[in-house]
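1. Quick one, what's the 3D model for this:
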Amino acid sequence: MSVTQEIADRLEEAFAPSELSVVDDSESHRGHGGFREGGESHFNVKIRSAHFKGLSRVARHRAVHDALGPDLIGRIHALALDLDV
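-> So this is what the prediction gives:
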């Protein structure tokens, strides 16, 4: 399974989002730190979920990192998050 799909699956399971977009943006980082041939190192994630209601920006980011888990986070060089209700 691809890292992109793993991210999507874990976020779907944890947050039942009304909107979810996981974009592998690795190619635009070619030549920069953390780039790996074949991609799957840099991601842009957009989530809209009621689970974020009442949570601060930091708490939302922590919740996403917890949902992804240390094993998956350890394989990602960069993760840009756009999180809202």
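
2. Tell me where this protein is predicted with low confidence.
-> Low-confidence segments of the chain (pLDDT under 70): 29, 32-36, 38.

3. how about the strands in it?
-> Counting by DSSP state E, one finds strands in the chain at the ranges 19-24, 42-48, 78-84.

4. Now do the same contact list for the residue of the chain positioned farthest from its centre.
-> Within the chain, the residue lying farthest from the chain centre (CA atoms, centre = their mean) is Gly31, at 21.7 Å. Under the criterion of CB atoms under 8 Å, 6 or more residues apart in numbering, Gly31 has no neighbours. Heads up, the C-betas are built off the backbone N, CA and C, glycines and all.

5. Look up how far Thr4 lies from it.
-> From Gly31 across to Thr4, the span is 21 Å (CB to CB, to the nearest Å).

6. tell me the centre residue of this protein?
-> Closest-to-mean residue, the chain, CA atoms, centre = their mean: Val45 / 4.7 Å.

7. correct me, but that one touches Leu81?
-> Yes - in this structure, Val45 is within contact of Leu81 by CB atoms under 8 Å, at 5.4 Å.

8. Check the contact lists of the two and give me the overlap.
-> In terms of CB under 8 Å, 6+ apart, Val45 and Leu81 are both contacted by the residues Val64.
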